[in-house]
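Undergrad: Only the shape, not the letters, is given here:
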């Protein structure tokens, strides 16, 4: 990719990211996808890994991410990178409900939206638990959104001179 094409694509993705970031409250899937595309564009494989892991349920196999990274690192290096990414993700997704830390962006969004769509009897103990779960999901979503924003802002600053 030549420099002009890179710059055009980079600026377009940056613009789309900020636009999506400002418009989305709960569903941040598009935001994360744009951050992933930016990381791929600049070949930032360390950050690409934690961004990719945000998009998948951590109880799933990591074959998809391993396939993508196998061309850029050996299995030992990938293992270290994955551990670092998981640590970063654990920090980003910290909340009182540890179960939520393993859920993907899509799962967090779907659960939050489903809970908010259903009407729960306020006197019901189940309602309190469901609203707490939704609040925890929203907290994790906000933290992931903030981390993706910081990453993209850092990229924009790093590549501003180019």
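TA: In hand now; what should we look at? In this text, all values refer to a predicted model and were calculated from it rather than measured experimentally.

Undergrad: who's in contact with the residue nearest the centre of the chain?
TA: Nearest to the mean C-alpha position of the chain, counting by Cα atoms, centre = their mean, stands residue 54 at 4.0 Å. Going by Cβ atoms under 8 Å, 6 or more residues apart in numbering, residue 54 touches 32, 89, 92, 104, 105, 144, 148. For every residue, glycine as well, the C-beta is placed using N, CA and C.

Undergrad: For those residues, give me TSV that also has pLDDT and secondary structure.
TA: Output for the contacts of residue 54, formatted as TSV (pLDDT from 0 to 100; DSSP: H, G, I helix; E, B strand; the rest coil):
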residue	pLDDT	secondary structure
32	93	helix
89	85	helix
92	89	helix
104	87	coil
105	87	helix
144	92	helix
148	96	helix
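
Undergrad: Could you identify which of these has the most neighbours?
TA: Most neighbours among the contacts of residue 54, by other Cβ atoms under 10 Å: residue 148, with 27 neighbours.

Undergrad: Give me the number of neighbouring residues for the residue nearest to it when sequence neighbours are not counted.
TA: The shortest distance from residue 148 to any non-neighbouring residue, by Cβ to Cβ, 6 or more residues apart in numbering, is to residue 35 (4.5 Å). Residue 35 has 28 neighbours, counted by other Cβ under 10 Å.
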